[in-house]
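Participant: can you look at this prediction? I've put the sequence above it.
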Amino acid sequence: MDYVKDILAALGVLLNGLPQGLLALTFGFASVPTALAFFVGAIGNTATGSIPVISYQAETITVAGTMGKNMRERLSMIFFGAFIMLLIGLFGFLEKIVDFIGPVITNGMMAGVGLMLVKVSFDMSKSDKAVGISSFIVAIITYMYTSDLVYTVILSVVISSIMGHFFKKEVETPVLEKEKFILQKLILNTSVIRGALAMVTLNIGANIAFGKINGEIANQEVNVDHLTIISSLADMVSAIFGGAPVEVVISATSSAPHAVFAGVLMMVIMGIILLSGLLPKLGKYIPSASIAGFLFVLGAIVTLPGNATAAFEGGGGSAIVGGMTMIITALFDPFLGMLAGLIMEFLLSIFA
């Protein structure tokens, strides 16, 4: 039964990733080379026992797909940004950052991500109300009854996707031309450097916050340097052949009985789907709003309450630091939230 839940968790996260994969196609990223990134993730997680999975992440895809003048610059940004993150991971800097900022700011970042997930879930449901509302209803009822993220993601995505097809709203899918592994010619200029640094700042905050949330779900410690090395190598391999960026995501596989196995299984299956060119064919059956209910449960029920409580429990200055971190993270991103928390902590130490 445990392995059945592992498989269900892998399938649930897979369904979550398909609409994001279609988004990557619309920005011109190739799907077949991206398969290599998922295989790198599977190998890396198997070797290190890392729980967080890497997958398509809408925010990073949007940033990478809109910066730069052309696809050559965008792929260069992804590659060089990933190379910088690889160095950060190899030297163990992210774990040192976690130790330096302390639990108040870390919990504030995670609580802020909870608020971000809630906002994203509402935004998604607005784009397709029938799918979004049914996803919310099924996800909340399922989680309240089972307290299990695996059943929550599977039932909410499947049932809301079925509802979407009853309402005859077709998902637009880009036409996938025959793709090959073509080595890209990278470029380095001021635009690429600026974009690469933007990717680095996004990923520093996301890797810390998302990585720790996955560990919290699994009730295990997560080494954010390990996941940084894995995701960086995956991005570099993908970008050098024209593929999309893949980053750490908050995943239902973390709540599976065998979290590492479930995550590896999900990445292997996604890699096979991409290699076989099936992404547009499968993705058109999964509306992006189908994941809205799961994201709401993950943000409002699983992530926000415990981390907000931990961020505020010290009272006084600690609560101010935690609150500032949480709000700025929710409004912008975890990296800026972390900086805001550190600045507030510094100011409070001066005027104390």
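Facilitator: That came through, no problem.
Participant: where's Val153 relative to Ser121, distance?
Facilitator: According to CB to CB, to the nearest Å, Val153 stands 13 Å off from Ser121. For glycine as for every other residue, the C-beta is placed from the backbone atoms N, C-alpha and C.
Participant: okay, now Pro19: neighbour count?
Facilitator: Pro19 has 21 neighbours, counted by other CB atoms under 10 Å.
Participant: ranges for the strands of this structure?
Facilitator: Ranges of strands within the chain are 54-55, 247-248, based on DSSP state E.
Participant: now render those strands as CSV, adding distance to Ala259 and mean pLDDT.
Facilitator: Shown next, in CSV, are those (distance: least, CB to CB, whole Å; pLDDT from 0 to 100):
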stretch, distance to Ala259, mean pLDDT
strand 54-55, 14, 94
strand 247-248, 14, 92
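Participant: quick one: which of the ones you listed is nearest Gly65?
Facilitator: Proximity to Gly65 (CB to CB) singles out strand 247-248 among the strands of the chain, at 13.6 Å.
Participant: what helices or strands is that closest one leaning on?
Facilitator: Packing partners of strand 247-248 (3 or more CB pairs under 8 Å, 6 or more residues apart in numbering; DSSP states H and E): strand 54-55, helix 190-218, helix 224-240.
Participant: and it, how far out from the chain's middle?
Facilitator: Averaged C-alpha coordinates place strand 247-248 at 5 Å from its chain's average position (CA atoms, centre = their mean, to the nearest Å).
Participant: same deal with stretch 201-219?
Facilitator: Worked out by CA atoms, centre = their mean, stretch 201-219 lies 9 Å from the chain centre.
Participant: for that stretch, buried residues please.
Facilitator: If you call a residue buried by 16 or more other CB atoms under 10 Å, then stretch 201-219 has these buried ones: 201-218.
Participant: for Gly283, find the nearest of the strands of the chain.
Facilitator: Using CB to CB, the strands of the chain put strand 54-55 closest to Gly283, at 13.5 Å.
Participant: isn't Gly341 up against Gly323?
Facilitator: No - checked against CB atoms under 8 Å, the pair Gly341 and Gly323 is beyond contact range at 9.2 Å.
Participant: give me the common contacts of the two.
Facilitator: Gly108 (CB atoms under 8 Å, 6 or more residues apart in numbering).
Participant: of these two, which one has the most company?
Facilitator: Using other CB under 10 Å as the criterion, Gly341 and Gly323 rank with Gly341 on top: 28 against 19.
Participant: number of nearby residues for the residue lying closest to the more buried one once chain neighbours are set aside?
Facilitator: Leaving aside its chain neighbours, Gly341 sits nearest to Thr325 (3.4 Å; criterion: CB to CB, 6 or more residues apart in numbering). Look at Thr325: counted by other CB under 10 Å, it has 31 neighbours.
Participant: work out the gap between the longest helix seen in the chain and the centre of the chain.
Facilitator: Across the chain, the longest stretch assigned as helix under DSSP state H is helix 93-127. Distance, stretch centre to chain centre, for helix 93-127: 11 Å (CA atoms, centre = their mean).
Participant: could you find the closest non-adjacent residue to Phe93?
Facilitator: Spatial nearest neighbour of Phe93, excluding adjacent residues (CB to CB, 6+ apart): Asp225 at 7.4 Å.
Participant: contacting residues for the one you found?
Facilitator: 88-90, 92-95.
Participant: for it, give its distance to Val138.
Facilitator: For Asp225, the distance to Val138 - CB to CB - is 37 Å.
Participant: same question, Ile350
Facilitator: For Ile350 relative to Val138 (CB to CB), the value is 50 Å.
Participant: more neighbours: the two, which one.
Facilitator: Neighbour count, other CB under 10 Å: between Ile350 and Val138, Val138 has more, with 22 against 6.
Participant: need the contact list for the more buried one.
Facilitator: 155-156, 159-160, 293.
Participant: which one of these has the most neighbours?
Facilitator: Gly293 (32 neighbours).
Participant: ok, that residue touching Ile154?
Facilitator: No - judged on CB under 8 Å, Gly293 makes no contact with Ile154 at a distance of 11.5 Å.
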